[in-house]
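Peer 1: Just need the structure, nothing else, for what follows:
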Amino acid sequence: MPSKKRKQLSSKQIVMITLIILGIGTLMLVASILLSPSPVTFGENAVVEQNAQGRNDGAEKNTQSQSLAGQTDVANSTVTGSESAQKPQSQTNTSGQTASDKQTGSVVVIPLTGNTSASGGSQAQTSTSSSVSGSNTASSGNTGTGSGSGQSAATSQASASSGSSATASATSATATKPKSNGAKLVFVFDDAGHNLNQLEPFLNLPFKVVIAVLPGLPHSAEAAAAARKAGKQVILHQPMQAVNLSVDPGPSAIKPDMHTYEIEEIVRKNLAEIGPVVGLNNHEGSLITATQSAIGAVLDVCQAENIFFLDSRTNAETKAPQAALERGMKIYERDIFLDNEPGRDDIIAMIKKGLAVADKKGHAIMIGHVWSDGLAAIISEMYPDLVAQGYELTDISGLD
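Peer 2: Model (predicted):
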């Protein structure tokens, strides 16, 4: 039998079949894409979005926390100064927003003080706007009216404090609750005798003081007489040599080359000029008071004349306590020098230190000088408040 020949595909047929297969595959791919569900954000994109949300939440909480902290700080703070204390004041603008708003970027954080009513009932509001309205602040202090934001409450309080400090009186510097402990204050004013004009303001003080008069000056006896007439306690301000030998202690002074009998003679001579007196203290004398034999000679005269000795303590190494102990004597010691620094604030500060000493041991002896400008006026201003606090202003004899 004759064999059959296979029919072969032409080139055109092969190309046609290939195109059909490719077309079917393309259609299936397109169909699978079109029929698949909508994509959902997973993985990294979701983490980024979540982190972004977390940062937003954290920033909001931080802002709220800062606002509440600001509210607490303002509510609890007190403007104080060395002479005055004032309640903090808040200012409001015409929209009811506090003028003490603190603005950072586009976020305004409003710390509120006192009783506050605001829309939504919040005490501290955070807004993405550069201004916030509808928040009304009622403060326990005085409320002013102004405009503009970005002013700091701390700034306004500091301004109020500095203003009041500049005008505060010496009375307010000691204004405290009455102590009523009966602590005694003794004010001693040295160096009288140069002239009477310097002395007069101290003689006009309405309480007991001690006037220490230098000997051998043109107005020594006259100053002592004027002080006694004014009802003030008078003592001899005995000049003595200082450690610095170039310092001249003045006329009728005790010098380091004197014998003890010479010291006694010059002290008695000065007592006769200034007397009658109830005591004496040293003028200068850092060298003499540190020499036990010399200061002992002074104490011998005091004991014989039945007058007291007040150690001005111009030298921490003073031997007066030891010399007094040997003689069975009681002496007094200075606690405070008032006017080593002549400024008003410095003098007030030293008086306040004296009050602290008196509170601790029951009395304080404070020494100033009649040539100190304004000293008498400062003490006179403080006097009513000192009495109101329970202090007793007296002289040395009042300590017994």
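
Peer 1: buried residues in the host helix or strand of residue 271?
Peer 2: Per DSSP states H and E: residue 271 is located in helix 260-274. Within helix 260-274, the residues that qualify as buried by neighbour count (16 or more other Cβ atoms under 10 Å) are 263-264, 266-267, 270-271, 273-274. Glycine gets a C-beta too; all of them are placed from N, C-alpha and C.

Peer 1: One more: stretch 300-314?
Peer 2: Neighbour count says stretch 300-314 has 300-302, 305, 307-314 buried, by 16+ other Cβ under 10 Å.

Peer 1: And the contacts of it?
Peer 2: With contact meaning Cβ atoms under 8 Å, 6 or more residues apart in numbering, stretch 300-314 is reached by 188, 190, 235, 242, 260, 264, 267-268, 271, 277-286, 289, 298-299, 318, 320-321, 324, 327, 329-334, 365, 367, 396.

Peer 1: and with 6 Å instead?
Peer 2: The contact list for stretch 300-314 (Cβ atoms under 6 Å, 6 or more residues apart in numbering) reads 264, 267, 278-279, 281-282, 285-286, 299, 318, 320, 327, 329, 331-334.

Peer 1: Just the buried residues of those residues.
Peer 2: Among the contacts of stretch 300-314, those that count as buried by neighbour count (16+ other Cβ under 10 Å) are 264, 267, 278-279, 281-282, 285-286, 299, 318, 320, 329, 331-332, 334.

Peer 1: so where's the protein shaky on pLDDT?
Peer 2: Along the chain, the model assigns pLDDT under 70 to residues 1-8, 36-180.

Peer 1: Please, where are all the helices along it?
Peer 2: 11-35, 43-76, 153-167, 170-173, 196-203, 220-229, 260-274, 292-305, 320-327, 344-361, 375-388 (DSSP state H).

Peer 1: Any buried residues in the fifth one, and which?
Peer 2: By 16+ other Cβ under 10 Å, the buried positions in helix 196-203 come out as 198-199, 201-203.

Peer 1: would you list the buried residues of helix 260-274 in a markdown table and tack on distance to residue 212?
Peer 2: Shown next, in a markdown table, are the buried residues of helix 260-274 (distance: Cβ to Cβ, whole Å):
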| residue | distance to residue 212 |
| --- | --- |
| 263 | 19 |
| 264 | 20 |
| 266 | 17 |
| 267 | 14 |
| 270 | 12 |
| 271 | 13 |
| 273 | 14 |
| 274 | 9 |
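
Peer 1: rewinding a little: of the buried residues of stretch 300-314, closest to residue 183?
Peer 2: residue 310 (18.6 Å; Cβ to Cβ).

Peer 1: what are the bridge partners for the closest one, then?
Peer 2: residue 281, residue 332 (DSSP bridges).

Peer 1: can you tell me how far it sits from residue 365?
Peer 2: 7 Å (Cβ to Cβ, to the nearest Å).

Peer 1: Kindly report the same for residue 233.
Peer 2: Using Cβ to Cβ, residue 233 is found at 12 Å from residue 365.

Peer 1: same thing with residue 289?
Peer 2: Applying Cβ to Cβ to residue 289 and residue 365 gives a distance of 16 Å.

Peer 1: send the alpha carbons of the helix holding residue 271 over as PDB?
Peer 2: Taking Å, rounded to 0.1, in the frame of the first residue of the first chain, the C-alpha atoms of helix 260-274 are listed here in PDB:
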ATOM      1  CA  THR A 260      48.800  99.800 134.000                       C
ATOM      2  CA  TYR A 261      48.700 102.700 136.400                       C
ATOM      3  CA  GLU A 262      49.000 105.100 133.500                       C
ATOM      4  CA  ILE A 263      46.000 103.400 131.800                       C
ATOM      5  CA  GLU A 264      44.000 103.700 135.000                       C
ATOM      6  CA  GLU A 265      44.800 107.400 135.300                       C
ATOM      7  CA  ILE A 266      43.800 108.300 131.700                       C
ATOM      8  CA  VAL A 267      40.500 106.400 132.000                       C
ATOM      9  CA  ARG A 268      39.700 108.200 135.200                       C
ATOM     10  CA  LYS A 269      40.500 111.500 133.600                       C
ATOM     11  CA  ASN A 270      38.200 110.800 130.700                       C
ATOM     12  CA  LEU A 271      35.400 109.700 133.000                       C
ATOM     13  CA  ALA A 272      35.600 113.000 134.800                       C
ATOM     14  CA  GLU A 273      35.400 114.900 131.500                       C
ATOM     15  CA  ILE A 274      32.400 113.000 130.100                       C
END
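
Peer 1: and the angle from it to helix 220-229?
Peer 2: Orientation check (axes from the mean of the first three to the mean of the last three Cα atoms, to 10 degrees): helix 260-274 against helix 220-229 gives 60 degrees.

Peer 1: Show me what helix 260-274 is packed up against.
Peer 2: strand 233-240, helix 292-305 (3 or more Cβ pairs under 6 Å, 6 or more residues apart in numbering; DSSP states H and E).

Peer 1: got a list of contacts for stretch 264-271?
Peer 2: 215, 236, 252, 297-298, 301.

Peer 1: What is the burial count for the closest residue to residue 319 other than its chain neighbours?
Peer 2: Once flanking residues are discounted, residue 319 sits nearest to residue 292: 3.9 Å by Cβ to Cβ, 6 or more residues apart in numbering. Residues lying near residue 292 (other Cβ atoms under 10 Å) number 15.

Peer 1: mind checking how far residue 292 is from residue 261?
Peer 2: 16 Å.

Peer 1: Repeat that for residue 205.
Peer 2: 39 Å.

Peer 1: try residue 208
Peer 2: From residue 208 to residue 261 the distance is 36 Å (Cβ to Cβ).

Peer 1: same deal with residue 16?
Peer 2: 153 Å.
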